[in-house]
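Student: what would the 3D arrangement of this be:
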Amino acid sequence: MTRHSRAKWLLLLLLGTATLAHANESSHQAAEHALRQRDFTRAARIWQQLADAGDEKAAYRLAGLYRSGRGVARDPERAGRLLERAAKGGYDVGRTQAALPRPQTGEAGSPTSLRSAIEQGDIRAVEAALDAGATPGTPASGTRCDAAEAIVRGRVDILEVLVARGARLETCGGSGLSLLHEAIQVENLEAVDTLLRRGARIDARAPGNATPLHAAIRVGHDGIAKRLIEAGHSLSARDDAGRNPLDLAVVARKPRIAKYLRAKGARRTKSDTPRNDASPDWLARAADELTKAAYQGWPPLSVAAWRGQATVVTSVLAEGADPNELDPEGSAALARAASGGHLGIVGALLTAGADPNRGTPPPIVAAAGSDDARVVRALLDAGARIEAVDPSGRTAIHAASAAGQRRSVEALLERGARAARPDAEGFTPLEVAVRHAHDDLVELLVARTPQARRGRALCSSATSGRAHALGLLLEAGADAQGTCADGQPLIHVATRQGSARAVGQLLRAGAESNRPSVSGNSPVLVASEAGNKKLVAILLAHGAAVDARGPGGRTPLMRAAAAGHVEVAKQLLDASADRRMRDEQGNTALDLARSAGHEQLVTLLEGAPARGWWD
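Tutor: You can find the predicted model right below:
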C-alpha cells in the first residue's frame, strides 16, 4: 500500500468511526427519510426507540402515525397519550396542544363545532356548522386554523368548502405557515392544486424565508415542485441562507428536481465546478465535513456511492471494503448509487460482488426513481428481482411511475413488470402516475391496467382536476357514473375541484348533472356556492335543475347570494331561478344577501322579476 493510499484510507475510516454526538438528530433524520420513502413501519420503529429513550419530539411524531394508522395499528387513544406526554415534556407546546383531541359536548354523534366536524371528517356537519353561522378561523385553543386542519387530515373536499365560505388562503393560526406551505409539508398535491386554483400566493414565505418551492424541495416531492414551477414560481427567490431553489435542490441531494430546474433555466448562485475526487486535500475536507454532519457511523463506501464519487468508490473497493455492507438506514451502497443514477459506480459495485437484491429499499426500486433507465437494465441483467418491494409494498414500476421516468417504466414493462400490481396502500402504477401528474405515463399504463383497477385512478384524476388523465381513462371505458372511496360521485369530486374541463368530460361520458353528493348537494349547488361561473354554465347546459334544493332547503341562488357571487346570481336568474323560494329557516336569497351585507346582490335581487313554475 502506498503512502498516499494509506492516507486516503485513514481519512475514509474517519467517516465510519466519527463520534455519535448528534445521534438523536441523525436518528430523526433517518425516520424522516423513511417517512418520505413511505416506509412508515421503519419510521415508527425509529421514533418508538427514541420515544422510549425520553425523546419528546419522537413521541409527537409517533403520535401522528398512531392517529393515521400508518406503519402501526391505528390507536387514537395511544396517540392522545403520546401527545399529552410531548406537551408535558415541553416539545413545541402550542403545536402539540393543537393536535390533541378536543372534548365533545352535545348530542352523541353530532359534532358541536366547526372544528370538531373537520376533525371527524364529516363534510355534511361542516356545511351545517357553516350554514348555522360558523366562520372558518383558528380555535382559541389551537395554533392550526380550520383550513389547515382539513389539509393535514387529507380532506381536500372540506378545504374546498371552507375556502368557498371565506377561509383565508394566507398565513392562518400561529404556525407561521401559509395554507400552501401546510399542504406541501404533508405532501398533499391535491390540496396544492386546489389552493393554486383558488388564488393562493405562490410567493408566500414561511419561517426562514422559505418559499413554497423551497418547501417542496425539502420534502422531496417532485410533483409538487413541478406544479409550482409550472404555475410561475420564481426560480431566483432566496431563503435566509441565501439559497435559491436550485442551490437547495443540489445541497439537499434532489437530483431530479435539480435537473428539472436547470431545464427551466435556473442557475446556481455559486459555481457548480466539480471537485477532484482524487485530491488528498479534497478527501481531508470531505472527511471533516462528514464528521460534523449527519453521516456518523456510515460506511465510507455508501457515502461515496450516494454522492457519485467514483474515484473514492474505486479506492475503497480496492482496499477491501465490503460491497454488501448496509448503512444505518438499511441501504446498501448499490442502492445508494442506483438512486442517483450513477451507472459507472453501479457497474463497479456489481463487479466487486454487490448483491443486486441486498438492503432496503431493494436496489432496483431505488434505481427506478433515477433519471437513467440504463441503471435499471444493468440491475435486471445482474439478477435483480423485478417484483422486489420496499416496506411500503412499492415495486420498481411504482417508483418509476411516481418519479415520471418513462424510459424506466418501459424497460420494466419489457422485462415483465406487472402494471396492475397494487402497493401496500392499494395504488397501482397507473394511479401513482395520475397522483404525480405524469400524463404521458397514464397514457402508457392505462391499456395495461385491468378495467377493475382503473376506478381509483379515475377518482384520483377527478380529485386533482387532471382533465387529460381523466379523458384517457374515460376513453378507455372507465365508468363516468362511478363513486370514490368516500361514497362521493365522480361528478361531485370534479365539481368540488373546480375543473370545468373535467366536469364537461364526465357529463359527456354519461354522468348525471343532478346526482346528489353524500351530503345531499347537487353539483350546481356546489358550483354556485364556489362562484364558478364556467362550471354553473356547463351544468345548466347539461340539464342541471336551477332550483334544486340542498341541505337546509337552500337553492343555488341562495348559495350564491349568501356567498356574495354577483355574476353567478345573474347567471342563475337568467336561467329562470326563482328568487321567491325560501329555505328551512324562511329566508329568501334576498334575505341572505342582506344579512351578509352584499349590497350589490341586494340591488340585483330587488330588481329581478319574480319567476315561478307558472311563468
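
Student: every contact and neighbour count from this point should use C-alpha atoms.
Tutor: OK.

Student: doesn't Gln488 make contact with Ser517?
Tutor: Yes: Ser517 is within contact range of Gln488, at 5.7 Å (criterion: C-alpha atoms under 8 Å).

Student: distance check, Val376 against Asp591.
Tutor: From Val376 across to Asp591, the span is 65 Å (C-alpha to C-alpha, to the nearest Å).

Student: between these two, which one's more packed in?
Tutor: Shown here are Val376 and Asp591; by other C-alpha atoms under 10 Å, Val376 has more neighbours (31 against 17).

Student: correct me, but the more buried one touches Ala367?
Tutor: Yes: counting by C-alpha under 8 Å, Val376 does reach Ala367; the two are 5.7 Å apart.

Student: so which of Ser517 and Gln488 has more stuff around it?
Tutor: Higher neighbour count among Ser517 and Gln488: Ser517, with 20 against 17, using other C-alpha under 10 Å.

Student: next, that one: phi, psi?
Tutor: Phi and psi for Ser517, reported as degrees, to the nearest 10, are phi -80, psi 180.

Student: give the contact list for it.
Tutor: By C-alpha atoms under 8 Å, 6 or more residues apart in numbering, the residues touching Ser517 are 488-489, 492, 523.

Student: same question for His542.
Tutor: The contact partners of His542, by C-alpha under 8 Å, 6+ apart, come to 507, 513.

Student: now it: how far from Asn514?
Tutor: 9 Å.

Student: also Thr449?
Tutor: 31 Å.

Student: more crowded one of these two?
Tutor: Remark: of Thr449 and Asn514, Asn514 carries more neighbours, 21 against 18, as counted by other C-alpha under 10 Å.

Student: that one - that's part of a helix, no?
Tutor: No: assessed with DSSP: H, G, I helix; E, B strand; the rest coil, Asn514 is coil; it does not lie in a helix.

Student: and it, how close does it get to Ala596?
Tutor: According to C-alpha to C-alpha, Asn514 stands 28 Å off from Ala596.

Student: kindly report the same for Ser302.
Tutor: 63 Å.

Student: out of those two, which sits in the busier spot?
Tutor: Using other C-alpha under 10 Å as the criterion, Ser302 and Ala596 rank with Ser302 on top: 24 against 15.

Student: the more buried one in helix, strand or coil?
Tutor: Per three-state DSSP, Ser302 ends up helix.

Student: just give me the neighbour total for Gln49.
Tutor: Neighbours of Gln49 using other C-alpha under 10 Å come to 14.

Student: can I assume Ala183 is in contact with Ala191?
Tutor: Yes: the criterion here is C-alpha under 8 Å, and Ala183 meets it with Ala191 at 5.9 Å.

Student: please enumerate the shared neighbours of these two.
Tutor: The contact sets of Ala183 and Ala191 overlap at Ile151 (C-alpha under 8 Å, 6+ apart).

Student: quick one, phi/psi of Ala206?
Tutor: Phi and psi for Ala206, reported as degrees, to the nearest 10, are phi -110, psi 170.

Student: how near is the nearest residue to it once chain neighbours are set aside to Val389?
Tutor: Excluding its sequence neighbours, the residue lying closest to Ala206 (C-alpha to C-alpha, 6 or more residues apart in numbering) is Leu177, at 5.3 Å. With distances taken as C-alpha to C-alpha, Leu177 is found 35 Å from Val389.

Student: what does Ser464 give?
Tutor: Per C-alpha to C-alpha, Ser464 is found 27 Å from Val389.

Student: what about these two, which has more around it?
Tutor: Taking other C-alpha under 10 Å, Ser464 and Val389 do not tie; Ser464 has more neighbours (27 against 21).

Student: run through the stretch 251-400 of the chain and note the low-pLDDT ranges.
Tutor: For the stretch 251-400 of the chain, the stretches with pLDDT under 70 are 270-296.

Student: I should have written the stretch 401-550 of the chain there, sorry.
Tutor: In the prediction, the stretch 401-550 of the chain carries no residues with pLDDT under 70.

Student: residue boundaries of the helices in it?
Tutor: For the stretch 401-550 of the chain, helices defined by DSSP state H, counting those that start in this stretch occupy the ranges 406-414, 429-435, 439-446, 455-463, 467-475, 490-497, 500-508, 523-530, 533-541.

Student: from the contact counts, what lies against the second one?
Tutor: Helix 429-435 sits against helix 396-403, helix 439-446, helix 455-463, with contacts defined as 3 or more C-alpha pairs under 8 Å, 6 or more residues apart in numbering; DSSP states H and E.

Student: tell me the angle of the first one relative to helix 406-414?
Tutor: Spelled out, that is helix 396-403. When axes from the mean of the first three to the mean of the last three C-alpha atoms, to 10 degrees is applied, the directions of helix 396-403 and helix 406-414 differ by 160 degrees.

Student: which residues touch helix 396-403?
Tutor: 222, 364-370, 386-389, 406, 408-409, 412, 417, 419, 423, 428-430, 432-433, 436, 438, 441.

Student: report the distance from that helix to the chain centre.
Tutor: Mean-position distance between helix 396-403 and its chain equals 16 Å (C-alpha atoms, centre = their mean, to the nearest Å).

Student: can you check the second one too?
Tutor: Relative to its parent chain, helix 439-446 has a centroid offset of 20 Å by C-alpha atoms, centre = their mean.

Student: same question for the last one.
Tutor: The gap between where helix 455-463 is centred and where its chain is centred comes out at 15 Å by C-alpha atoms, centre = their mean.
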